[in-house]
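Student: fold the following for me, if possible:
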Amino acid sequence: MTNVVTPYKNQTTSKKEQVAAMFDNIAPKYDFLNQLLSLGIHKGWRRKAIRLLQAQKPKTVLDIATGTADFAIEAMKLNPTKVVGVDISEGMLKLGRDKINKLGLQNKIELKSGDSENLPFSDNSFDAITVGFGVRNFENLEKGVADIYRVLNPDGMLVILEFSKPIHFPVKQVYNFYFRYITPLVGKLFSKDSSAYTYLPESVNAFPAGDEFLKILNKAGFKETKAISLTFGIASIYIARKLK
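Tutor: Numbers count the residues shown, from 1 in each chain. From the prediction side, this is the model:
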């Protein structure tokens, strides 16, 4: 089991409930703060992650922890017949649906309320599954990964985009300072939930990145697992296959 880090230290509710409440609280400013805090770099990371699925040519795509649906919308570049996004935050889903409707994609992308550890789909339902900056928010990481494996089709591919921890000087030092001090400060200025942007660096620090996460994927049954480092180790793309 991985360390359990929660957004609200003074609450006794589960991590899952706290994460849902946190994202409901920050939903109105989420896209703005993502753009501001990452300087827009996250868009390039997402495009690269989706490009890794091009050879797969998936017809059905599931985007877990879809949030405001940016990853689900990016997945349309794969020309699928259907994209489904799931999230536990209704506040985020509402913004995602508004975005999808404005783009005229409501017949291609469906957003649903769903728990990543108990996905509301039958076995072998999707050709590809994506998760963008969501696995570190799972209450039970191993259980969540196992359920992803369950709903992925044989020969299907999983692509996960998640923050990492840089290890080389001076990126490590700059990154740690930015995440510990600048991110919470900016989050507090623009969001009504200051705990959310204190939780962000704490959850990244607690997440078993790199080889440790690959071990979790392998334990769930995934094959051909690989970690791709992005922007000096600030983030990573994890790819894995469910082979027949």
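
Student: lowest average confidence, helix or strand, in this protein?
Tutor: helix 183-190 (a mean of 86; mean pLDDT, DSSP states H and E).

Student: what's that helix in contact with?
Tutor: Contacts with helix 183-190, where a contact means Cβ atoms under 8 Å, 6 or more residues apart in numbering, come from 26, 29, 32-33, 36-37, 193-194, 196-198, 200-201. Using the backbone N, CA and C atoms, a C-beta is placed for each residue, glycine as well.

Student: what's the spacing between the longest helix belonging to the chain and its chain's center?
Tutor: Looking only at the chain and at elements set by DSSP state H, the helix with the highest residue count is helix 15-38. Centroid separation between helix 15-38 and its chain, computed with Cα atoms, centre = their mean, to the nearest Å, is 12 Å.

Student: same check on stretch 155-162?
Tutor: 11 Å.

Student: same question for stretch 143-154.
Tutor: 15 Å.

Student: contacting residues around that stretch?
Tutor: 60, 62, 64, 116-119, 121-129, 131, 135, 138, 158, 216-217, 220-222, 242-244.

Student: the helix or strand following the least confident helix or strand of the chain packs against which elements?
Tutor: As assigned by DSSP states H and E, the chain's next helix or strand after helix 183-190 is helix 196-206. Applying 3 or more Cβ pairs under 8 Å, 6 or more residues apart in numbering; DSSP states H and E, one finds that helix 196-206 contacts helix 15-38, helix 183-190.

Student: angle of the shortest one against helix 15-38?
Tutor: Regarding helix 183-190 and helix 15-38, their directions subtend 90 degrees when assessed with axes from the mean of the first three to the mean of the last three Cα atoms, to 10 degrees.
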